[in-house]
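K.L.:
Would you be able to build a 3D model of this:
(chains A, B, C and D)
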Number of protein chains: 2
Amino acid sequence: MSNKPVSLKVLAAHLGLTVPTVSRALNGYADISPATRERVRRAADELGYRPNQNARRLSIGNPETVGYLMPRIGQSIAQPFVAQLLQGLGEALGKRHWDLLVSHAESASDELAQIEKLTRSGRVSGLVISRPLRNDPRLQLLQDLKFPFVVHGRTGSSTDYAWYDVDGEDAFVTSVNHLVGLGHSRIAFVGSPLQFQFAQDRLIGYERGMVVNGLTVDKDLIQIAEFSDDGGEAATNILLDLPQPPTAIVCVSDTMALGALAAIRGRGLRPGVHVSVIGYDGLQFGNHSNPPLTTMAQPQAHAGRRLGDMLMAIIDGDKPSKHQELQRAQLLRRMTDGPMHTAADQKLVSTREETT
Amino acid sequence: MSNKPVSLKVLAAHLGLTVPTVSRALNGYADISPATRERVRRAADELGYRPNQNARRLSIGNPETVGYLMPRIGQSIAQPFVAQLLQGLGEALGKRHWDLLVSHAESASDELAQIEKLTRSGRVSGLVISRPLRNDPRLQLLQDLKFPFVVHGRTGSSTDYAWYDVDGEDAFVTSVNHLVGLGHSRIAFVGSPLQFQFAQDRLIGYERGMVVNGLTVDKDLIQIAEFSDDGGEAATNILLDLPQPPTAIVCVSDTMALGALAAIRGRGLRPGVHVSVIGYDGLQFGNHSNPPLTTMAQPQAHAGRRLGDMLMAIIDGDKPSKHQELQRAQLLRRMTDGPMHTAADQKLVSTREETT
DNA sequence: CTGAAAGCGCTTACAG
DNA sequence: CTGAAAGCGCTTACAG
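P.N.:
Reported below is the predicted structural model:
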């Protein structure tokens, strides 16, 4: 029906009141008589009045909007977690009727330019940053600008800003422990480039897990590759070509783990039988890989909710360092972790092949 | 360094000019001397001036923002396409420095309320709607409000609004043709509830494909279930329990197809050998299913870009009906389509099992 | 070519 | 308890 939204002016005229009065009535100011407050509310409902947010936000000096910088991704499968994170963020912001703005960048420098623009143009009250680098110019910039932000992940110098992270180091200790418990000792690590802080953390967890279990860290067993399924496959192929190949592999992400599975199958070996694999992320899709992927799971929507809540609290004035939250990942056993397999078992295994 | 963004006022003072003059200089008005225009631009750069967008947009009466209503999803794997769609949308909007606002709703009625709010509160210039229902109250509402929108997908009465869709009917004819070419005749359809227009279109394509190939449409071979991997698995189990089970199954989505694969494997049968399966969406992840999923692929990022371009054109004044775009899906053969398999072949196949 | 005026639709002290 | 005034930071006719 209606075309142009009704403004406060129209609503006020309709009521025979002045604009500021109607504004205060709607905003629940105490100095308005209950009678008129009711009358105003009723009229607003009838006419379908919705405050113009550009005007409102300009006036109150708060964009009431949070920006999410999409992590840049090659054609990676790493994206599923984004949808869930956005959902969680949206839920948190929705409680206060704030908006969620999503922003992409094509390159690192482009991303810095975007941050600069977003922060200065009054479009967002705060920013959510994903996947920080070990030395991340984005965090530096935001701190210089004294602009509210919260990091999904954290860097080494994480004392002075707000973050939500899953304890990747701990998770990889857990993975290694689990594999050692299954009898493995030649355990490899497939990782992504170490400028990503998470890649570094997880590698350290892997190394610590090895040491804790009295195993030596063999540099050949650490393979770094592009952060993708193809990268994981390439890295795993290198590992399997080793004179003494690993009997188990921990992967920095589910996506890379999928590549690892492909490499293992490509040699006629069976993941979870001949070579165990543990991923990281807990993507639903892992239920359907070949075979289903054992992984360190984590609640992405929860991450989004917490990040949203933390950021709003900071915008309200909280000290950022007050909001630092470390979550633990959970080992989610599916089918790619199994007891250590020796050449002698080979025959036994072949007869079980049908069960896949 | 700087904390508060510099305003036009500050910039003007700095230059000894008046605010409107500086504004016109920055916006490239012709009635400004080239000399001062240059001077103003340089100063704006130096001071890092960025126009306050709330102010600007309030003034020009255009929020320069597009809203995307996230499709509501149970814990489904259907989400990966969202990230790519958002990326495409962001690219299109970015060309004109428009923003992308993402909005979630928990229920259908909540979604209507959100639309109502978004359109009346001046936050968005237009809306992108995904996955329309056959009779979608959201489209009705937007048309009543005469608010610019564009639909990802389309309904039966699609003549009077803008949409971008992939031809699901055609795609399913293609799938069926392909399977018939492989010798199949008992071909089943695994679908999601038919209030979704896409589910309906794809079913019709399936039926047309059967008829075109001189096959009868057996109602038992049409199974509708919840739109999820579990739904696909349940539907497929029903099919496999039939006295005359199908030798091939086309699925309304990759997610449901993953469930179909699980059901088939669950009976010790091999997808692509004993029972062929074709999905729909072309998710990357299908490369890693067991076995890799044959599917009807489609370019999601392209969809996002086109939707963004169309919507901006409409907001600029184009007739919505001028923007209707039908894309074809491409058969992407991976490993789940194979020649029709009879009981007699059983033995032959078993000996090949290692190759998975 | 630049300035002075008005307006976009709100909110928030300040009077009375 | 309500109205009259000023302001948020822009843009856009309108003078000169």
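
K.L.:
Backbone dihedrals for whichever residue of the stretch 151-300 of chain A sits closest to DNA strand C, both of them.
P.N.:
Nearest to DNA strand C, among the residues of the stretch 151-300 of chain A, is A:Ala162, at 25.3 Å (C-beta to the nearest atom of the strand). Heads up, the C-betas are built off the backbone N, CA and C, glycines and all. Torsion angles at A:Ala162 (phi, psi; degrees, to the nearest 10) stand at phi -90, psi 140.

K.L.:
do the same with A:Ala188
P.N.:
Dihedral pair for A:Ala188: phi -110, psi 160, per degrees, to the nearest 10.

K.L.:
neighbours of it, just the number please.
P.N.:
By the criterion of other C-beta atoms under 10 Å in any protein chain shown, A:Ala188 has 28 neighbours.

K.L.:
Tell me the spacing between A:Thr174 and A:Tyr206.
P.N.:
Separation of A:Thr174 from A:Tyr206 (C-beta to C-beta, to the nearest Å): 11 Å.

K.L.:
These two: who's more crowded?
P.N.:
Taking neighbours as other C-beta under 10 Å, A:Thr174 and A:Tyr206 compare with A:Tyr206 leading, 27 against 20.

K.L.:
who in chain A is up against DNA strand D?
P.N.:
By the rule C-beta under 7 Å from any atom of the strand, the part of chain A lying against DNA strand D is A:16-21, A:24-25, A:31-36, A:55, A:58-59, A:61, A:122.

K.L.:
Try it again at 6 Å.
P.N.:
Listed as neighbours of DNA strand D in chain A under the rule C-beta under 6 Å from any atom of the strand: A:Leu17, A:Thr18, A:Pro20, A:Thr21, A:Asp31, A:Ile32, A:Ser33, A:Thr36, A:Leu58, A:Ser59.

K.L.:
Most neighbours among these, please name it.
P.N.:
Busiest of the residues of chain A next to DNA strand D [other C-beta under 10 Å] is A:Leu58, holding 20 neighbours.

K.L.:
isn't A:Gly126 right up against A:Ile315?
P.N.:
Yes. At 5.0 Å, A:Gly126 counts as touching A:Ile315 under the criterion of C-beta atoms under 8 Å.

K.L.:
Quickly list what's touching both of these two.
P.N.:
A:Pro148 (C-beta atoms under 8 Å, 6 or more residues apart in numbering or on different chains).

K.L.:
what is the residue of the stretch 151-300 of chain A closest to DNA strand C paired to in the beta sheet?
P.N.:
Taking DSSP bridges as the rule, A:Ala162 bridges to A:Val150.

K.L.:
Any idea how many residues pack against the residue of the stretch 101-250 of chain A at minimum distance from DNA strand C?
P.N.:
At 12.3 Å from DNA strand C, A:Gly122 is the closest residue in the stretch 101-250 of chain A, using C-beta to the nearest atom of the strand. Close neighbours of A:Gly122, defined as other C-beta under 10 Å, add up to 22.

K.L.:
who are the neighbours in contact with it?
P.N.:
Taking C-beta under 8 Å, 6+ apart, one finds A:Leu58, A:Pro63, B:Pro5, B:Asn52, B:Gln53, B:Asn54, B:Ala55 in contact with A:Gly122.

K.L.:
Could you find the closest non-adjacent residue to it?
P.N.:
B:Asn52 (4.1 Å; C-beta to C-beta, 6 or more residues apart in numbering or on different chains).

K.L.:
what residues are up against that neighbour?
P.N.:
So B:Asn52 contacts A:Leu58, A:Ser121, A:Gly122, B:Pro5, B:Ser7 (C-beta under 8 Å, 6+ apart).

K.L.:
what do you get for A:Ile187?
P.N.:
A:176, A:179-180, A:206, A:209-210, A:215, A:221, A:246-250.

K.L.:
From these, pick the one nearest DNA strand D.
P.N.:
Nearest to DNA strand D among the contacts of A:Ile187, with distances taken as C-beta to the nearest atom of the strand, is A:Tyr206, at 49.6 Å.

K.L.:
Enumerate every residue touching that closest one.
P.N.:
By C-beta under 8 Å, 6+ apart, the neighbours of A:Tyr206 are A:Phe172, A:Ser175, A:Val176, A:Ile187, A:Phe189, A:Ile222, A:Val250.

K.L.:
any idea which helix or strand comes after the helix or strand encompassing the fifth one?
P.N.:
It refers to A:Phe189. Secondary structure assigned from DSSP states H and E places A:Phe189 in strand A:187-191. Helices and strands here follow DSSP H and E; after strand A:187-191, the next one along the chain is helix A:197-212.

K.L.:
Export only the CA atoms of that next one, formatted as CSV.
P.N.:
Provided in CSV are the C-alpha atoms of helix A:197-212 (Å, rounded to 0.1, in the frame of the first residue of the first chain):
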residue,chain,number,x,y,z
GLN,A,197,48.8,-17.0,13.5
PHE,A,198,46.5,-20.0,13.7
ALA,A,199,48.9,-22.0,11.5
GLN,A,200,51.7,-21.2,13.9
ASP,A,201,49.7,-22.0,17.0
ARG,A,202,48.6,-25.4,15.7
LEU,A,203,52.1,-26.2,14.7
ILE,A,204,53.4,-25.4,18.1
GLY,A,205,50.6,-27.6,19.6
TYR,A,206,51.7,-30.4,17.3
GLU,A,207,55.3,-30.1,18.4
ARG,A,208,54.4,-29.8,22.1
GLY,A,209,52.2,-32.9,21.7
MET,A,210,55.1,-34.8,20.2
VAL,A,211,57.6,-33.7,22.9
VAL,A,212,55.1,-34.4,25.7
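
K.L.:
burial measure for A:Asp309, as a count.
P.N.:
That count, for A:Asp309 with other C-beta under 10 Å as the rule, works out to 21.

K.L.:
Around the closest residue to A:Leu145 other than its chain neighbours, count how many other residues there are.
P.N.:
Closest residue in space to A:Leu145, ignoring its immediate chain neighbours: A:Thr119 at 5.4 Å, by C-beta to C-beta, 6+ apart. Close neighbours of A:Thr119, defined as other C-beta under 10 Å, add up to 24.

K.L.:
Run through the residues that contact A:Thr119.
P.N.:
Per C-beta under 8 Å, 6+ apart, neighbours of A:Thr119: A:Leu127, A:Leu142, A:Leu145, A:Phe147, B:Pro5.

K.L.:
Apply 10 Å and report the result again.
P.N.:
A:67, A:125-127, A:141-142, A:145-149, B:2, B:5, B:50 (C-beta atoms under 10 Å, 6 or more residues apart in numbering or on different chains).

K.L.:
can you pull the contacts of the residue of the stretch 251-356 of chain A found nearest DNA strand C?
P.N.:
Residue nearest to DNA strand C within the stretch 251-356 of chain A: A:Asp316 (13.9 Å; C-beta to the nearest atom of the strand). A:Asp316 makes contact with A:Asn62, A:Arg96, A:Ser125, A:Pro148 under the criterion C-beta under 10 Å, 6+ apart.
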